[in-house]
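>>> Quick one: sequence plus predicted model below, questions after.
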Amino acid sequence: MHELSIDDLEHVAGGAGATSWNEIRAAAAPHCPETVASHPHAPANRAEAQRIGDACIAEMGSFKAGFGGGRAKIQAGIDRVFPR
């Protein structure tokens, strides 16, 4: 049996490793601090990631989400970690 470390999970499609989730949280914190604070654990699946992303977009507001590129960046991150 092969044992996986937490760092190995970073390279699994559909699973955000601890490092990558912390990086995502750190990048999002200035834009949607309440959402980041209320979701300390990595999402388990695409639907959960989408709900967190939608909450972040709602918190940042339509101007920042739309014209600031927030919506596109969040969706690209979700798509990268949880490919369709």
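Yep, it's here. Numbers count the residues shown, from 1 in each chain.

>>> By mean pLDDT, point me to the weakest helix or strand of the chain.
Lowest by mean pLDDT, DSSP states H and E among the helices and strands of the chain is helix 18-28, with a mean of 75.

>>> quick one: the spatially most central residue of the chain from residue 30, how far?
Against the mean C-alpha coordinate of the chain, by CA atoms, centre = their mean, the closest residue is residue 24 at 5.4 Å. The gap separating residue 24 from residue 30 is 13 Å, by CB to CB, to the nearest Å. The way it works is simple: take the backbone N, C-alpha and C, and place the C-beta from them, glycine included.

>>> that older thread, and the residue nearest to the centre of the chain, how far is that from residue 49?
Taking CB to CB, one finds residue 24 at 9 Å from residue 49.

>>> can you check residue 64 too?
Distance, residue 64 to residue 49, using CB to CB: 20 Å.

>>> Those two: which is more packed in?
Neighbours per residue (other CB atoms under 10 Å) separate residue 64 from residue 49, with residue 49 holding more: 22 against 15.

>>> So residue 43 sits against residue 54, correct?
No - judged on CB atoms under 8 Å, residue 43 makes no contact with residue 54 at a distance of 11.8 Å.

>>> Tell me which of these two has more neighbours.
residue 43 (21 against 16).

>>> what sits against that one?
Residue 43 makes contact with 16, 49, 51-52, 82, according to CB atoms under 8 Å, 6 or more residues apart in numbering.

>>> From the chain's centroid, how far away is the longest helix along the chain?
What stands out as the longest helix in the chain, according to DSSP state H, is helix 46-60. Put simply, helix 46-60 sits 8 Å off its chain's centre (CA atoms, centre = their mean, to the nearest Å).

>>> And the contacts of it?
14, 28, 31-36, 38-39, 43, 65, 68, 70-71, 74-75, 77-78, 81-82, 84.

>>> Let's see that with 7 Å instead.
Helix 46-60 is contacted from outside by 28, 31-32, 34-35, 39, 43, 65, 70-71, 74-75, 78, 81-82, using CB atoms under 7 Å, 6 or more residues apart in numbering.

>>> relative to helix 18-28, how tilted is it?
Using axes from the mean of the first three to the mean of the last three CA atoms, to 10 degrees, the inter-axis angle of helix 46-60 relative to helix 18-28 is 20 degrees.
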